[in-house]
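Q: For reference, the sequence and a predicted model appear below.
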2 protein chains.
Amino acid sequence: MVTIRDVAKEAGVSVATVSRVLNSTGYVKEDTRVRVMNTIQKLNYSPNEVARSLYTRESRLIGLLLPDITNPFFPQLARGIEDEVHSHGFRLILGNSDEQLEKELTYLQTFTQNHVVGMITATTSLAQKLYEGLTFPVVFLDRSSDQYPSVYADGFEGGKLAAEEIIKRGSKRITLIKGPVNVKPAQERFQGSLSVLSQSDADFYVLNTNSLAFDDAQKWAKEIFQKYPETDGIIASNDIVATAVLHEAFRLEKSVPDDLQVIGFDDIPQSRFSFPALSTIRQPAYEMGKQAAGLLMKCIKKEPLIQKQVQLPVTFIERNTTRKVEEHG
Amino acid sequence: MVTIRDVAKEAGVSVATVSRVLNSTGYVKEDTRVRVMNTIQKLNYSPNEVARSLYTRESRLIGLLLPDITNPFFPQLARGIEDEVHSHGFRLILGNSDEQLEKELTYLQTFTQNHVVGMITATTSLAQKLYEGLTFPVVFLDRSSDQYPSVYADGFEGGKLAAEEIIKRGSKRITLIKGPVNVKPAQERFQGSLSVLSQSDADFYVLNTNSLAFDDAQKWAKEIFQKYPETDGIIASNDIVATAVLHEAFRLEKSVPDDLQVIGFDDIPQSRFSFPALSTIRQPAYEMGKQAAGLLMKCIKKEPLIQKQVQLPVTFIERNTTRKVEEHG
DNA sequence: ATTATTTGTGTAAACGGTTACATATATGAA
DNA sequence: TTCATATATGTAACCGTTTACACAAATAAT
């Protein structure tokens, strides 16, 4: 491995000078600058980030903690983050927490030990105070926090929107799927929908669930049609659950959207490929990731934050699991 | 930040001793061992990975280079890798290459500069020789290589399987979607299917495409039914494309699987939620990730590899976009 | 009792950068 | 000319670990 000393010797200067041209700091004569640059090229030298990081006490790494990259909502977030931080010269250390405290701790330690300059977490921090001792800035994503900068979609509004749209389109016996209690965004949506439903003249039934995973979704779907067969509108906790519901509805030969309307949440990429294409409340996942990363960049560069909390708007994406509103006018 | 010296002083020993208990190397008396351990606990000391890495010249980081985490096939791979390496105490630096040489280079440099102990790449290495100068082991995933250890599914066999199954189930005018030429696994599948089709008595039409992305898939789908409206069987280059095809078929009110059979490739998680549920050739993505990581672990630990190339079997997942074989006898 | 070996611990030199400080020369102002 | 300042470069300390080496005490072997 070629070190800064090799370059210095070859170029006939001191390591300090090489360091100066590398970082464009201090004074260095143009002649020597090009000489050093040439030597760097010639020796194919690339500075050791670890050594740099040891002295400066910070790396160019950013920690990213997600519940589970396998859940189709998160790759979008991750990609938005990656694109943004990459353009600033930072790289990501990725961790899946599975919403388990232990794994979360492991990664917090990893991030600290590796001198990350900041982190973004989309995990329901089971212990917010874990983050207090950290020496680097933290941005919460897909979770709100009043202590820390955070980026999240307006879940409550999204929940309201879903309920309003489904009512507006004529559902009278609505099933509201309540996501896991420990997943905060899911609860906010739930509360939003609940607030609308409880003031409407529609009957409604709340189904309690404890997971948002593929494998469980089908189970909930079956359960709904058993327990509440006359339901004519389902507000799912996310698109995965909605898709499972759709699937089950087809199996039971229910006609969507004529006899049954379904609304999802998230607008994951594959939702528009379901049949019928899923109507859903869209969270701008990629954008959320980008914004969270942007916020973190500012924290890192110690620029003042205009606003610590960024709440992104949700939108109703009208596709084919809901009826056209004109039809019902 | 509490350092090893703080611990040493507090425990009344030298830094060497602390290091010894940390790494369980050399001799250290039981009394002092527990004393040091207690001090570590008391001061909440956690060793600085960067300093460690500088001296030992290796970190506990592993580089992971993917084409695009947003493509639903890759999160599965990533998760398999993460689970495996995590259990060995390693962490991941994640990069998206978008199959661009420049980004690939950036990450190769990042990995080197950060002293990763190894890397896994699922990118079509545009320049295999880039990997020659690397100081750490590399495992290719979802790509075969005879130089480097690699883990991949049997794409050729998968392609054959798809063609065989669709023919067996009675399609006579088959459309074969040829994925992007630069995506090797897609080409292998294509070749596999081609080899079967060309020896069969079915008519077939090959559609050239240059992307596997969501956004383009719908375009190809429309194109197929325009150019070859009488087709009664479509072999898609992956599940995303297959889903788009399905969607378009529904729009055109084609009956699947009665008038049109569709087979995908990959078996991404959401494929079983499409309607009709997608028949597909399954690649065991999670398992592939795990195996690749396992191979890398062995390389890192300098254990001998029993086999450098791991080819995982593909399987036909019979769902509802293909007819039952009995029906056709 | 003497020597060899095992056990236990400390000192200081790495690892490869960055930067405070020292020094020297060039340039400009008085 | 003389002093102040800007420019240019080098020396060495430091970041927080690991480990080679030295040394001493305890234990085992003769």
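A: Cool, the structure landed. This structure is a prediction, so every number in the text was calculated from the model and none was measured. Residues are numbered from 1 along each chain as shown, chains lettered A, B, ... in the order given.
Q: going forward, measure contacts between C-alpha atoms and count neighbours the same way
A: Will do.
Q: wait, doesn't A:Phe140 sit right on A:Asp146?
A: No: in this structure, A:Phe140 sits apart from A:Asp146 without contact. The criterion is C-alpha atoms under 8 Å, and the distance is 9.9 Å.
Q: What distance do you get for A:Gln191 to A:Leu207?
A: Taking C-alpha to C-alpha, to the nearest Å as the measure, A:Gln191 and A:Leu207 are separated by 13 Å.
Q: The two: who's more crowded?
A: A:Gln191 (19 against 16; other C-alpha atoms under 10 Å in any protein chain shown).
Q: Pull the contacting residues for that one.
A: Under the criterion of C-alpha atoms under 8 Å, 6 or more residues apart in numbering or on different chains, the neighbours of A:Gln191 are A:156, A:159.
Q: domains of chain A?
A: A:4-56, A:61-153+A:285-313, A:155-283 (the TED database).
Q: Any chance of these in TSV with mean pLDDT and distance to DNA strand C as columns?
A: Converted to TSV, the domains of chain A look like this (pLDDT from 0 to 100; distance: least, C-alpha to the nearest atom of the strand, whole Å):
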stretch	mean pLDDT	distance to DNA strand C
domain A:4-56	96	3
domain A:61-153+A:285-313	94	14
domain A:155-283	92	40
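Q: who touches the closest residue to chain B within the stretch 51-200 of chain A in this structure?
A: Among the residues of the stretch 51-200 of chain A, A:Ile93 lies nearest to chain B; the distance is 4.4 Å by C-alpha to the nearest C-alpha. Contacts for A:Ile93 (C-alpha under 8 Å, 6+ apart) come out as A:61-64, A:111, B:91-94.
Q: Next, it: phi, psi?
A: For A:Ile93, the backbone dihedrals (degrees, to the nearest 10) come out as phi -100, psi 120.
Q: CA atoms only: put stretch A:217-231 into PDB for me.
A: Coordinates of each C-alpha in stretch A:217-231 appear next as PDB, following Å, rounded to 0.1, in the frame of the first residue of the first chain:
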ATOM      1  CA  ALA A 217     -51.000 -10.000   5.500                       C
ATOM      2  CA  GLN A 218     -52.900 -12.800   3.900                       C
ATOM      3  CA  LYS A 219     -54.000 -14.100   7.300                       C
ATOM      4  CA  TRP A 220     -55.500 -10.700   8.200                       C
ATOM      5  CA  ALA A 221     -57.200 -10.600   4.800                       C
ATOM      6  CA  LYS A 222     -59.000 -13.900   5.400                       C
ATOM      7  CA  GLU A 223     -59.900 -12.800   8.900                       C
ATOM      8  CA  ILE A 224     -61.600  -9.700   7.600                       C
ATOM      9  CA  PHE A 225     -64.000 -11.400   5.300                       C
ATOM     10  CA  GLN A 226     -64.800 -14.000   7.900                       C
ATOM     11  CA  LYS A 227     -65.500 -11.600  10.700                       C
ATOM     12  CA  TYR A 228     -67.200  -8.800   8.700                       C
ATOM     13  CA  PRO A 229     -68.400 -10.300   5.400                       C
ATOM     14  CA  GLU A 230     -70.700  -7.500   4.600                       C
ATOM     15  CA  THR A 231     -67.900  -4.900   4.500                       C
END
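Q: ok, and for stretch A:5-20, which residues are buried?
A: Taking 16 or more other C-alpha atoms under 10 Å in any protein chain shown as the basis for neighbour counts, the residues of stretch A:5-20 that come out buried are A:6-8, A:10-11, A:14-15, A:17-19.
Q: Check these and tell me the two furthest apart.
A: Of all pairs drawn from the buried residues of stretch A:5-20, the one with the largest separation by C-alpha to C-alpha is A:Glu10 and A:Ser19; the distance is 14.2 Å.
Q: Which positions in the stretch 101-250 of chain A make contact with chain B?
A: Proximity of the stretch 101-250 of chain A to chain B is assessed by C-alpha under 8 Å from any C-alpha of the partner chain, with A:109-110, A:113-115, A:214, A:243-244, A:247, A:250 identified as the residues in range.
Q: Could you tell me which of those belong to helices?
A: A:109-110, A:113, A:214, A:243-244, A:247, A:250 (DSSP state H).
Q: now these in a markdown table, with distance to B:Val50 and neighbour count?
A: Formatted as a markdown table, these follow (distance: C-alpha to C-alpha, whole Å; neighbours: other C-alpha atoms under 10 Å in any protein chain shown):
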| residue | distance to B:Val50 | neighbour count |
| --- | --- | --- |
| A:Gln109 | 13 | 15 |
| A:Thr110 | 11 | 23 |
| A:Gln113 | 7 | 16 |
| A:Phe214 | 39 | 18 |
| A:Thr243 | 45 | 31 |
| A:Ala244 | 46 | 25 |
| A:His247 | 50 | 24 |
| A:Phe250 | 55 | 15 |
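Q: What is the nearest of the residues you listed to DNA strand D?
A: Taking C-alpha to the nearest atom of the strand as the measure, DNA strand D lies nearest A:Gln113 of these, at 8.5 Å.
Q: pretty sure that closest one contacts B:Arg52?
A: No: when contacts are counted by C-alpha under 8 Å, A:Gln113 is not listed as touching B:Arg52 (9.8 Å).
Q: contacting residues for A:Gly155?
A: Under the criterion of C-alpha under 8 Å, 6+ apart, the contact partners of A:Gly155 comprise A:185-186, A:188-189, A:192, A:314.
Q: Most neighbours among those, which one is it?
A: Neighbour counts for the contacts of A:Gly155 peak at A:Arg189, which has 29 neighbours (criterion: other C-alpha under 10 Å).
Q: And for that residue, nearest residue in space, chain neighbours not counted?
A: Of all residues beyond its chain neighbours, the one nearest A:Arg189 is A:Gly159 (4.0 Å), with distances taken as C-alpha to C-alpha, 6 or more residues apart in numbering or on different chains.
Q: what sits up against stretch A:102-112?
A: Counting contacts by C-alpha under 8 Å, 6+ apart, the residues touching stretch A:102-112 from outside are A:62-63, A:65, A:93, A:95-97, A:119, A:134-135, B:46, B:91.
Q: just to revisit the earlier point, which two from the ones in helices among the residues of the stretch 101-250 of chain A next to chain B end up farthest apart in space?
A: Comparing every pair within those by C-alpha to C-alpha identifies A:Gln113 and A:Phe250 as the most remote, at 51.3 Å.
Q: how far does stretch A:61-77 sit from the chain's center?
A: Here stretch A:61-77 is found 6 Å from its chain centre; the criterion is C-alpha atoms, centre = their mean, to the nearest Å.
Q: quick one: buried residues of that stretch?
A: Residues of stretch A:61-77 classed as buried by neighbour count (16+ other C-alpha under 10 Å): A:61-77.
Q: Now, the residues you listed that are in strands?
A: Using DSSP state E to define strands, the subset of the buried residues of stretch A:61-77 located there is A:61-66.
Q: Looking at these, spot the one nearest DNA strand D.
A: Distance ranking of these against DNA strand D, using C-alpha to the nearest atom of the strand, places A:Leu61 first at 17.0 Å.
Q: Could you double-check that the closest one sits in contact with A:Gln113?
A: No: in terms of C-alpha under 8 Å, A:Leu61 does not count as a neighbour of A:Gln113; the distance is 11.4 Å.
Q: doesn't A:Glu287 fall inside a helix?
A: Yes: the assignment for A:Glu287 (DSSP: H, G, I helix; E, B strand; the rest coil) places it in a helix.
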